[in-house]
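>>> my questions are about this predicted structure, shown below with the sequence.
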Amino acid sequence: MRPRKRPAVPRLRPPYRATPLLRRARFQASSRREASSHDLRRRESRRHWWRNFGRRVRVAPRRARRGRDALRLRPRRRRAHGAAEVLDQLTHCNCRVLTDRLQFFGGIGGRREVMEDGTELRFDHGAPYFTVTNDEVAQVVGGWEARGIVAEWKAMFACFDRATGKFTDFEKEGSTKKYVGVPGMNSICKSLCSEDGVVAKFGVTVGKMDWLQDRSSWSLASLDGKDLGNFDYVVATDKNVGSPRFSGLTGRPPPLDLSLFPRLSVMVQDIPVRPCFALMVAFSEPLAMVPVHGFSFNNSDSLSWAFCDSSKPGRACVPPNRQSWVLHSTAEYASKVINHIGPRKPSVDALAKVAEELFREFQATGLSIPQPIFMKAHRWGGAFPAIAIGGDDKCVWDKSMKLAICGDFCASPSIEGAVLSAMRGASKIMGCLNCPSGL
């Protein structure tokens, strides 16, 4: 039996008007036929518009048609400005976030080195691991662990007494859960920067931040004077945003003129820091006389910690028996060197001299340390804050200027402190946008 042919729905031309009955017939006929791509885009755009009606936002249809919510914070073209630590919460608030950092040269942390034979080496020359005690941060880290971004480093730690030449205070494996990024510590920031709706820019240094009172927004410019646009909110994660230390590093005034913001100047003008030098070394064979994967130093004038970087989960060494270690200097040693060579970026010769001095101290432990196949030093001039300025809020927040200052220097000098500070700063912004907080 041949199927019945549906009657064609008459289409009227202007100046005639379709009656309600004809409009209903047209809708039924259009719903029966397969929707075109144009129809799908229109429906999706309308759905987004009605869902966000009254929230002073508008839809970016090009992103919406790809199945993602891309909402502007205000009808005019502005964006929230933040760093990687606050992206996860802000993207859950359906806000389009452009990420940048006041001093973010080149990329996202980590260190990649290439030997003369072409072998590639990777080092976590900053924070070797992190622990979690706060319940809020534990929930976030649990999500990272489930996604394979971080993993537990089941390593044994101890303390080495330089005077006696013996290991003491052995820490049992698993007594304190230590997390590391997989395959590197920079995996956490990389994952946050790859979230939907996030635009990450590298190699751009914010050189000037101007508050536009009449527009209630921020105008940002790069260090070379290039206009970076206007933004509703600014999240600063660099402790030198208003510090004279920025001038010592770049030869230019700090991005934020604290003379215009007296309340902030008391808190963020000059945050004391503890400098450090990191020594990255690689050996062709394991250190047989070192029974642990990490240890601190007692009675050493120049070394504070040593970590076997290649023992972390997700690290690969070629050949398999090769070991890579990262050594951290004491703050006293680093301060003495920086006072001698100045605050600017150290020269290659200066770093080579530091590497030789630190490695000699490592060999002087009597642990039969062989000659390395690779050795290089790196300076952390102000990576480790000496105080926390955030108080109970764990961040510095100015609602009238829509400015949040977050970082480990606001909560505690650790990765956990940085994450907690970022979560509190993101919650402040989401409260202004009437978005639910939490992940």
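Arrived safely.

>>> for residue 168, which non-adjacent residue is spatially closest?
residue 159 (5.2 Å; CB to CB, 6 or more residues apart in numbering). From N, CA and C alone the C-beta is placed, and that goes for glycine too.

>>> can you give the strand pairings for the helix or strand hosting the one you found, parallel or anti for each?
Per DSSP states H and E: residue 159 is located in strand 157-161. In the sheet, strand 157-161 lines up against strand 166-171 (antiparallel), strand 294-298 (parallel) (DSSP bridges).

>>> buried deepest among the ones you listed, which one?
Stretch with highest mean neighbour count among the strands paired with strand 157-161: strand 294-298 (a mean of 20; mean count of other CB atoms under 10 Å).

>>> residues in contact with that strand?
Contact with strand 294-298 is made by 128, 155, 157-163, 167, 303-308, as judged by CB atoms under 8 Å, 6 or more residues apart in numbering.

>>> ok, then the element right after it?
From strand 294-298, the next helix or strand downstream (DSSP H and E) is strand 303-308.

>>> who does that following strand pair up with?
Strand 303-308 has the following strand partners under DSSP bridges: strand 294-298 (antiparallel), strand 323-329 (antiparallel).

>>> residues contacting residue 223?
So residue 223 contacts 205-207, 250, 252 (CB under 8 Å, 6+ apart).

>>> out of those, give me the one that has the most neighbours.
Note: the member of those with the most neighbours is residue 206, at 22 neighbours, neighbours being other CB atoms under 10 Å.

>>> per-residue pLDDT of that one, please?
For residue 206, the pLDDT comes out at 89.

>>> so what's it bridging to?
Bridge pairing for residue 206 - DSSP bridges - gives residue 222.

>>> please apply the same query to the one 5 residues further on.
Assessed by DSSP bridges, residue 211 has beta-bridge partners residue 218.

>>> in this protein, where's the longest helix?
helix 415-432 (DSSP state H).

>>> can you dump the C-alpha atoms of that one in PDB for me?
In PDB, the C-alpha atoms belonging to helix 415-432 read as follows (Å, rounded to 0.1, in the frame of the first residue of the first chain):
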ATOM      1  CA  ILE A 415      50.000  24.900  46.400                       C
ATOM      2  CA  GLU A 416      47.000  24.200  48.800                       C
ATOM      3  CA  GLY A 417      47.100  27.800  49.900                       C
ATOM      4  CA  ALA A 418      47.100  29.100  46.300                       C
ATOM      5  CA  VAL A 419      44.100  26.900  45.400                       C
ATOM      6  CA  LEU A 420      42.200  27.900  48.500                       C
ATOM      7  CA  SER A 421      42.900  31.600  47.800                       C
ATOM      8  CA  ALA A 422      41.800  31.200  44.200                       C
ATOM      9  CA  MET A 423      38.500  29.500  45.200                       C
ATOM     10  CA  ARG A 424      37.700  32.300  47.700                       C
ATOM     11  CA  GLY A 425      38.500  35.000  45.100                       C
ATOM     12  CA  ALA A 426      36.300  33.200  42.500                       C
ATOM     13  CA  SER A 427      33.500  33.000  45.000                       C
ATOM     14  CA  LYS A 428      33.600  36.800  45.500                       C
ATOM     15  CA  ILE A 429      33.200  37.300  41.800                       C
ATOM     16  CA  MET A 430      30.500  34.800  41.400                       C
ATOM     17  CA  GLY A 431      28.600  36.400  44.300                       C
ATOM     18  CA  CYS A 432      28.500  39.600  42.300                       C
END
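
>>> what mean pLDDT does that helix get?
93.

>>> now for it, which elements pack on it?
helix 84-92, helix 135-146, strand 227-236, strand 403-405 (3 or more CB pairs under 8 Å, 6 or more residues apart in numbering; DSSP states H and E).

>>> note down every partner strand of the helix or strand just after the second one and its orientation.
The one in question is helix 135-146. Downstream of helix 135-146, the first helix or strand assigned by DSSP H and E is strand 150-152. Paired neighbours of strand 150-152 in the sheet (DSSP bridges): strand 179-181 (antiparallel).

>>> show me what the strand it pairs with is in contact with.
124, 128-132, 141, 145, 149-153, 187-188, 312-314.

>>> neighbours of residue 251, just the number please.
Residues near residue 251, counting by other CB under 10 Å: 8.
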